[in-house]
Structures are given as C-alpha cells and as structure tokens.
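*Asks:* got a predicted structure here, sequence first:
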Amino acid sequence: MSDLTDSELETQGVFAIEAALKNETEAVVSVRGERRYVVMDMTRYTHLRECELAVALAESRADLDAGRFVRESVDDHLQRISEAE
C-alpha cells in the first residue's frame, strides 16, 4: 500500500493520488506523520461496498431463517422503540 503525505497532497493534488494508485489498489494518507485516511479508485470502492451489502443480506437471511425477527405494526414498533430508550 502506497503512502501519501499531507504535504504531497497540498502541492500535487490529485496527481499525487493518481501516482500512488498507479501500481496499488489503495494508498494511505498521513497527516502530520499520523496515518489517517485511505484513498482508492471508485472501482475498488464499489467492489468493497458490494461485499458489505452481500454480507448484510446474508446476515439478514440468517436472522430470518433462525426466527430472529419481530412482526408488528408501525405503531407497535414505534412504541417498542420508545420503551427501549
């Protein structure tokens, strides 16, 4: 994974990001020496989001299969939420 500094971003802008991602899928941005952010191209980001959604869907299906759900009206749902607070 490539490293970028805040100074490189200030002086080179998006060109620094493009250079860092030329041979890598992600780059870490350091601010004042501390690694703070990760940048990646949109294709990689979209793939990661799709993976997250696939996991969420699998977890939801597992909850349904295991009976971990509640069937209720909107009013009952809002009441249950307010009581939980």
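*Replies:* That came through, no problem. Numbering: from 1, shown residues only.

*Asks:* per-residue confidence for the spatially most central residue of the chain?
*Replies:* Centroid check for the chain by CA atoms, centre = their mean gives Arg49 as the closest residue, at 6.5 Å. You'll see Arg49 listed with a pLDDT of 98.

*Asks:* from Asp3, how far off is it?
*Replies:* Using CB to CB, to the nearest Å, one obtains 24 Å as the distance from Arg49 to Asp3. From N, CA and C alone the C-beta is placed, and that goes for glycine too.

*Asks:* kindly report the same for Ala54.
*Replies:* 30 Å.

*Asks:* this protein: helices as residue ranges?
*Replies:* Assigned by DSSP state H, the chain shows helices spanning 6-12, 14-20, 42-66, 74-84.

*Asks:* which of those sits closest to Glu34?
*Replies:* helix 6-12 (9.7 Å; CB to CB).

*Asks:* now the closest one: buried residues?
*Replies:* Glu8, Leu9 (16 or more other CB atoms under 10 Å).

*Asks:* for it, enumerate the helices and strands it packs against.
*Replies:* In terms of contacts (3 or more CB pairs under 8 Å, 6 or more residues apart in numbering; DSSP states H and E), helix 6-12 is packed against helix 14-20, strand 26-31.

*Asks:* of these, flag the one that's most buried.
*Replies:* Most buried of the helices and strands packed on helix 6-12, by mean neighbour count (mean count of other CB atoms under 10 Å): strand 26-31, with a mean of 17.

*Asks:* where are the low-confidence patches of the protein?
*Replies:* Within the chain, no stretch has pLDDT under 70.

*Asks:* hang on, the earlier thing: distance to Arg35 added to the helices of the chain, as a markdown table?
*Replies:* As requested, the helices of the chain are exported to a markdown table (distance: least, CB to CB, whole Å):
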| stretch | distance to Arg35 |
| --- | --- |
| helix 6-12 | 11 |
| helix 14-20 | 13 |
| helix 42-66 | 18 |
| helix 74-84 | 38 |
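
*Asks:* appreciated, that's everything.
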